[in-house]
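[1] Sequence and predicted structure below; questions after.
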Amino acid sequence: MGRTDNWRRNPYVHARVRLDHTVAPITANLATAGTFYTLSSNIVDGDSEGFSLDGSGRLTYTGGESNKLIEVIGTANLSVDVPLFSTPVRVTFALFVNGVQKLDITTPLDFSALNSVGELAVCSSFRLNPGDYLETKASSNEDDTDVTIEFFSVLYKGG
C-alpha cells in the first residue's frame, strides 16, 4: 500500500518540557493556600514540533490542526519542608488549558514530615486548537509552602 497525503492533514506534534538541569532545582513558594501558582522558572523546551514555550511557563500549541488529540505523560520528584508538629501539607499539581484547570489531570500529594519527598506521574489525553496554551501549576492547603522540584519532565504528543 502506497503512502497517501493523510500525513499532511494529521502532522505529528510533540513537546518535551523539562527542568533545566544546569540550574536545577526549581523552588516555588505557594504563598496563599488554595491558590494555584504557575511553575515557570528553569523550565526549558527540550524538543518540540508544533508547540512553543515562553518564559512564563506557558506552552502554546502552534500546530495547524483543530481539535488535535494530545497525550500527556509526565513525572516529577519534589520535596516540601513541613514544619515540626504541624498538620500534613497537601500539594496539588494540575494542568491548566487556557487558564482552566483540567480536573482529570490533577495530582494531590500529602507531605507530613520535615523534608518530605514525593513522586508524581500523570498520563492522560485532551484536545487542543491552534493558540491553546498549557500551564503546569501547584497549590497547597497551607499558606507559605515552599516546594522544591528536583526532577520534572513532561512529554506532550499528538499524531
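    Great, that's in hand.

[2] how about the helices in the chain?
    According to DSSP state H, the chain carries its helices in the segments 6-9.

[3] show me what contacts the spatially most central residue of the chain?
    The chain has Thr136 as the residue nearest its centroid, 3.4 Å off, counting by Cα atoms, centre = their mean. By Cβ atoms under 8 Å, 6 or more residues apart in numbering, the contact set of Thr136 is 17, 38-39, 57, 93-96, 154. In this view, the C-beta of every residue, glycine as well, is placed from N, C-alpha and C.

[4] Thr107 now?
    By Cβ under 8 Å, 6+ apart, the residues touching Thr107 are 92-94, 120-122.

[5] mind listing the strands in this structure by residue range?
    Along the chain, the stretches classed as strands by DSSP state E are 13-19, 26-30, 37-38, 43-49, 51-53, 59-61, 68-80, 89-97, 100-111, 116-128, 133-140, 145-158.

[6] Kindly report which one of these carries the lowest mean pLDDT.
    Per-stretch mean pLDDT for the strands of the chain is lowest at strand 43-49 (a mean of 69).

[7] what about Tyr37, distance to Thr27?
    Applying Cβ to Cβ, to the nearest Å, the value for Tyr37 to Thr27 is 12 Å.

[8] One more: Asn115?
    For Asn115, the distance to Thr27 equals 13 Å [Cβ to Cβ].

[9] related to what we said a few turns ago, what would the contacts of Thr107 look like in JSON lines with neighbour count and distance to Gly131?
    Output for the contacts of Thr107, formatted as JSON lines (neighbours: other Cβ atoms under 10 Å; distance: Cβ to Cβ, whole Å):
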{"residue": "Thr92", "neighbour count": "17", "distance to Gly131": "27"}
{"residue": "Phe93", "neighbour count": "24", "distance to Gly131": "24"}
{"residue": "Ala94", "neighbour count": "19", "distance to Gly131": "21"}
{"residue": "Leu120", "neighbour count": "15", "distance to Gly131": "28"}
{"residue": "Ala121", "neighbour count": "9", "distance to Gly131": "29"}
{"residue": "Val122", "neighbour count": "19", "distance to Gly131": "23"}
